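Whatever this is, show me its structure:
(2 chains)
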There are 2 protein chains.
Amino acid sequence: MDALRVALAQINPTVGDFEGNVTRILNEIARARAAEAALVVFPELSVCGYPPEDLLLRPRFLSDSRQAMERVAAGCEGITAVVGFADPADGKVYNAAAVVRDGRIEYVYHKIELPNYGVFDEKRYFSPGEECRLFQVDGVPVAVTVCEDVWVQNGAAERCAAGGAAPLVVNISASPFHAGKLAEREEVLAGFAERTGATVCYVNLVGGQDELVFDGGSLIVGPGGKVLARAARFEEGLLVVDLDRAGGGLTGEIPSPPPEFDRVEEVYRALVLGTGDYVRKNRFESVVIGLSGGIDSALTTAVAVDALGPDRVKGVTMPSRYSSEETRSDAERLAQNLDIPLITVPVERIFTAYLDELREPFGPGDPGVAAENIQARIRGNILMALSNRFGWLVLTTGNKSEMSVGYCTLYGDMAGGFAVLKDVPKTVVYDLSKHVNKKSGREVIPPGTLNRDPTAELRENQKDEDSLIPYEALDPVLRGYVEEDKAPDEIAAGGYDPQVVADVVRMVDRSEYKRRQAPPGVKITPKAFGRDRRLPMTNRYQAGRLDEPPKEKL
Amino acid sequence: MDALRVALAQINPTVGDFEGNVTRILNEIARARAAEAALVVFPELSVCGYPPEDLLLRPRFLSDSRQAMERVAAGCEGITAVVGFADPADGKVYNAAAVVRDGRIEYVYHKIELPNYGVFDEKRYFSPGEECRLFQVDGVPVAVTVCEDVWVQNGAAERCAAGGAAPLVVNISASPFHAGKLAEREEVLAGFAERTGATVCYVNLVGGQDELVFDGGSLIVGPGGKVLARAARFEEGLLVVDLDRAGGGLTGEIPSPPPEFDRVEEVYRALVLGTGDYVRKNRFESVVIGLSGGIDSALTTAVAVDALGPDRVKGVTMPSRYSSEETRSDAERLAQNLDIPLITVPVERIFTAYLDELREPFGPGDPGVAAENIQARIRGNILMALSNRFGWLVLTTGNKSEMSVGYCTLYGDMAGGFAVLKDVPKTVVYDLSKHVNKKSGREVIPPGTLNRDPTAELRENQKDEDSLIPYEALDPVLRGYVEEDKAPDEIAAGGYDPQVVADVVRMVDRSEYKRRQAPPGVKITPKAFGRDRRLPMTNRYQAGRLDEPPKEKL
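Below is the predicted model of the structure:
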């Protein structure tokens, strides 16, 4: 046969589940062998899941990882497999790719370029490898690389493969999703393929792990930099292709391309996969969501139903004296549209009991935001009580805009196990909600929910815009400050009122302590709250303050 | 004069407060000059505070850091100063020490060894320096190094200073406290001094920054490895000494040594400083604490009163149907002993309102832990309501043992801004409490509080030991698993029941999601929860599980 048949095994392992992951890998090896592939490739750290974080500091975890890798090797006959694992060797730990065949580990490559930025902490755990060697598959020289290795121009991997030395370069990856990331990856891989003249088999992880979603979308990139084949995104799959042995790219039948997703749809799929995997991998039977009649809880519920099915989603409506007839009926309509049960627990009597008991300690005067927060926290308590009673996971409904400026109540609407929209700006919440209705061809999310001015309904006639500027103006300012690390004057230079920018920046800074206690949520932007953005709570930094003369004489 | 007078300026900067920090540094420069010192040395990153975390990713923060450093230089006449700052240079960022005199920056050293383990993420931000050069102070060659540089044997700093090349080595540090850390530091510095034959001036930061406490305790270590002089711990200070110009160590008057602290007292002081600085640096006027009559809240209150004075500490008692007469009167006694007000807010009526509203959703049967948690969350809501009403910071009272096994209620007793005892095992809570009484010479913490079996009082006749093993047995198991990364069988090999160890390990693993939403607290052990220990929530790892044959056939 003139072609080299290669299988890209885009799997969804679970962190720490060595037994389950080994089984999954061996199953895919068997499928690839049945498809007569000569080589099957798995994502980065497939054996232990990615990222294992400080599990990598435990000696037993590392020896278990090595042992699991050996078990994979023992089950690998009649095909060559490249499998990612954590490799303890020579008193160090490596992010490794094993080349296995004939029942044994033939060669172990150690990742050379270790990312230590954004959500990555690989220098905390791994020592860098030093050498990129070729191995042969049916007479074809193949270079194996791990993720970041091909993102660094003129790195060791590139030098190893250059000049036709390796017609085929395998890259095993665990590349987390954010909107638009696929195009970045394609550009990087195209550049690498062009510079080396190699065909690149890029295998990405798929699945959710805490705040990260790996979107799959494995690729074959030809020596000219053109994408020759694609695996599906947001789902597992085995992509089998025939490569020209001389390095000319694909030959034979071209696999039919998977569906392409626009920006809104890819974000929606990331939310569905990230939420579903958090629930499944943590073995929750069901989730529970407080339905306010507003758009955030509506979208969260739609995502949950898509991820888990209506039988595993429970709605709770918790009306107060400030709830309008419209929001209550929109909550009911949403539950009907999504075919989920709706539990009603009025908060009025409980709220009154709090106000009575706190009358004396509060003293005279309007308790203002203190009373608003009591209501939000009553609702948090009710949801958690149902969670404790029935084992349901509480999904919180706050969006990134609120989370940024602290327009949310700690232990109130922030109370729960997973925050589906944590990294979704409010303007994108609207885009996604309209998309949900468009996709389903009906008004799943009620028109009232979509069109009503956002309100927390914690006091009479409250609207978000009374406390905040309109979200259309807020979101770009937040993007500049939170995601792009710009100074306030740089943001204002983009056409925003300097006073508004200063106010927003102050709100973001002051809310750091709230975010530190927030549940995890799906990262969909280049910089999410959590591991991605690590700011001190105790922080008096104000950009530009040094320009004014100090108050005391020096 | 035959001696070189050196001043160690052990200061307490605030992260991001360039203006305040510059003022503080210039004041100490003036004091050192008035004391006729030739050299004054400040801690690591004094100009911007430590650790600035992702502020270091903001270009404006970096240029402000450089500008602040230049302002310090402009004010430095008639003395040489070594000052830590973040230095943006050549498109990179360095953890730097500037040597300044005659109004300008004369030399900038870039830290070579960047710690990226434990609480440290320095490779996320900094590029390593490449060279250690000597500078002259009054004709004496001095090597400047930053923290980790002297912790690495045979590193560049050591090679630079070796063989008498530098009779004086300056080490500017930001070394976080844990119990027993001082002895580790002394050992490292003694080894360095012995190997190089240099006298080492070690200047450590002092103060609290979120979860870290820097304990000061700056040192002069002579060429034989002997500690020649010490600065006080847990407070600012300017230690002025005369060094023999030929490198023989101290000469002239030896400063009187500061008080030494035993293990319990040093931990207590760390809690007081860490709590006080969190409150002060975040500009809270007062703190509020829920007093249960138990030992955790009693110790927390004692720490708060020592940190802030009784006028800034408010107690709240929130009795329920399960509160005993004894715990209520112990709470009152504690408040009297510490001279703080005690606000009473009964939770009974509110609790009844919740149970009534939840009767139908809960369905028949004992709601068990769901009802217990409702009470804990009512108390959390009340404390937060007082916080929102009056601007008080809620201090939570849970200890490390509870936090480890999840014997605490998210949004209930875990609700608050700062968790004083978060890293203090329950057995150490007892040691500290007895110490408080011993130090004050009276029973500040009531005998009933000290002697009663621990209870959460969330149901009839509840005791902690009904749900947990006794703390004397629990704490060593937790230390092995949480702090030492041991596998269960390794812990059991130390003489613990394997079943108990397995149960404890499972409880620790299952509570990861709670800890992720916990407030910060003072690190006092080698491995605290938070930045120090980064574990996935989604995690199916069970050590040793691979030893059993997998369930499915491979």
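
And chain A, what are its domain boundaries?
A:3-255, A:265-466 (automatic domain parsing).

and chain B, which of those is closest to it?
domain A:3-255 (2.8 Å; Cβ to the nearest Cβ). Where you see a C-beta, it was placed from the backbone N, CA and C, and this is true even at glycine.

and the closest one, what's its mean pLDDT?
With pLDDT averaged residue by residue, domain A:3-255 scores 95.

heading toward the C-terminus, what's the first helix or strand past whatever helix or strand A:Ala190 lives in?
In the assignment (DSSP states H and E), A:Ala190 maps to helix A:181-196. Remark: after helix A:181-196, the chain's next helix or strand is strand A:199-204, criterion DSSP H and E.

Let me see the confidence value for the closest residue in space to A:Arg60 that isn't next to it in sequence.
Spatial nearest neighbour of A:Arg60, excluding adjacent residues (Cβ to Cβ, 6 or more residues apart in numbering or on different chains): B:Ala487 at 3.8 Å. Listed pLDDT for B:Ala487 reads 96.

Same check on A:Asp547?
Reading off the model, A:Asp547 has pLDDT 49.

Run a quick neighbour tally on the closest residue to A:Asp356 other than its chain neighbours.
Leaving aside its sequence neighbours, A:Asp356 sits nearest to B:Arg349 (Cβ to Cβ, 6+ apart; 7.1 Å). Around B:Arg349 there are 14 other residues, counting by other Cβ atoms under 10 Å in any protein chain shown.

Can you name every helix or strand that the helix holding A:Ala190 contacts?
Counting contacts by 3 or more Cβ pairs under 8 Å, 6 or more residues apart in numbering or on different chains; DSSP states H and E, helix A:181-196 packs against helix A:156-161, strand A:168-173, strand A:199-204, strand A:219-221.

can you rerun that using 7 Å?
Packed against helix A:181-196, as judged by 3 or more Cβ pairs under 7 Å, 6 or more residues apart in numbering or on different chains; DSSP states H and E, are the following elements: helix A:156-161, strand A:199-204, strand A:219-221.

Mind giving me the packing neighbours of the helix or strand harbouring A:Tyr268?
When elements are assigned from DSSP H and E, A:Tyr268 belongs to helix A:263-281. Using 3+ Cβ pairs under 7 Å, 6+ apart, the elements in contact with helix A:263-281 are strand A:206-209, strand A:212-215, helix A:295-308, helix A:426-440.

ok, now which ones touch A:Ser292?
A:327, A:331, A:457 (Cβ atoms under 7 Å, 6 or more residues apart in numbering or on different chains).

do that again at 8 Å, thanks
Counting by Cβ atoms under 8 Å, 6 or more residues apart in numbering or on different chains, A:Ser292 touches A:317, A:327, A:331, A:397, A:457.

next one: A:Ala166
A:134, A:141-143, A:160, A:196, A:198.

Which strand or helix spans the nearest residue to it once chain neighbours are set aside?
Leaving out its chain neighbours, the residue that sits closest to A:Ala166 by Cβ to Cβ, 6+ apart is A:Ala143, at 3.9 Å. Here A:Ala143, judged by DSSP H and E, is contained in strand A:140-146.

and that strand, which strands flank it?
Counting by DSSP bridges, the strands paired with strand A:140-146 are strand A:134-137 (antiparallel), strand A:168-173 (parallel).

got the angle between the last one and strand A:199-204?
Orientation of strand A:168-173 against strand A:199-204 (axes from the mean of the first three to the mean of the last three Cα atoms, to 10 degrees) gives an angle of 20 degrees.

how about CSV for the helices and strands packed on helix A:263-281, with mean neighbour count and distance to A:Ile524 added?
As requested, the helices and strands packed on helix A:263-281 are exported to CSV (neighbours: other Cβ atoms under 10 Å in any protein chain shown; distance: least, Cβ to Cβ, whole Å):
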stretch, mean neighbour count, distance to A:Ile524
strand A:206-209, 28, 12
strand A:212-215, 28, 8
helix A:295-308, 26, 12
helix A:426-440, 18, 8
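
now the ones you listed as CSV including distance to B:Val40?
CSV is the format used below for those (distance: least, Cβ to Cβ, whole Å):
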stretch, distance to B:Val40
strand A:206-209, 49
strand A:212-215, 47
helix A:295-308, 55
helix A:426-440, 51
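
TSV for the ones you listed, including distance to chain B?
Output for the helices and strands packed on helix A:263-281, formatted as TSV (distance: least, Cβ to the nearest Cβ, whole Å):
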stretch	distance to chain B
strand A:206-209	6
strand A:212-215	10
helix A:295-308	15
helix A:426-440	23
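
Any idea which of these gets closest to A:Glu265?
helix A:426-440 (6.8 Å; Cβ to Cβ).

Now do the buried residues in the helix or strand following that closest one.
Using DSSP H and E, the next helix or strand after helix A:426-440 towards the C-terminus is helix A:447-451. Neighbour-count burial for helix A:447-451, counted by 16 or more other Cβ atoms under 10 Å in any protein chain shown, picks out A:448-450.

elements contacting helix A:447-451?
helix A:295-308, helix A:325-338, helix A:426-440.

Redo the ones you listed as CSV? Include mean pLDDT.
Listed next are those as CSV, based on pLDDT from 0 to 100:
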stretch, mean pLDDT
helix A:295-308, 98
helix A:325-338, 96
helix A:426-440, 97
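
Dump those helices into a markdown table; add distance to B:Leu57 as well.
Output for the helices and strands packed on helix A:447-451, formatted as a markdown table (distance: least, Cβ to Cβ, whole Å):
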| stretch | distance to B:Leu57 |
| --- | --- |
| helix A:295-308 | 29 |
| helix A:325-338 | 40 |
| helix A:426-440 | 24 |
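
Report the separation between the residue lying closest to A:Ser297 once chain neighbours are set aside and A:Ala419.
Once flanking residues are discounted, A:Ser297 sits nearest to A:Thr397: 4.2 Å by Cβ to Cβ, 6+ apart. To A:Ala419, A:Thr397 is 8 Å away according to Cβ to Cβ, to the nearest Å.

for A:Glu187, same thing?
A:Glu187 is 31 Å from A:Ala419, by Cβ to Cβ.

what does A:Glu265 give?
Taking Cβ to Cβ, one finds A:Glu265 at 21 Å from A:Ala419.

repeat for A:Thr352
30 Å.

How about A:Leu342?
Counting by Cβ to Cβ - A:Leu342 and A:Ala419 are separated by 21 Å.

Looking at those two, which is more packed in?
A:Ala419 (29 against 16).

show me what contacts the residue nearest to that one when sequence neighbours are not counted?
The shortest distance from A:Ala419 to any non-neighbouring residue, by Cβ to Cβ, 6+ apart, is to A:Gly521 (3.6 Å). A:Gly521 makes contacts with A:211, A:274, A:396, A:418-423, A:528-530, as judged by Cβ under 8 Å, 6+ apart.

Rebuild the helices and strands packed on helix A:181-196 as a markdown table, extending it with distance to A:Ala174.
Putting these into a markdown table (distance: least, Cβ to Cβ, whole Å) gives the following:
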| stretch | distance to A:Ala174 |
| --- | --- |
| helix A:156-161 | 16 |
| strand A:199-204 | 7 |
| strand A:219-221 | 15 |
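
which parts of the stretch 351-500 of chain A sit against chain B?
Neighbours of chain B within the stretch 351-500 of chain A, by Cβ under 8 Å from any Cβ of the partner chain: A:352-354, A:356-358, A:361-362, A:367, A:369-371, A:373-374, A:377-378, A:380-382, A:384-386, A:388-389, A:410-411, A:415, A:417, A:485-487, A:490.
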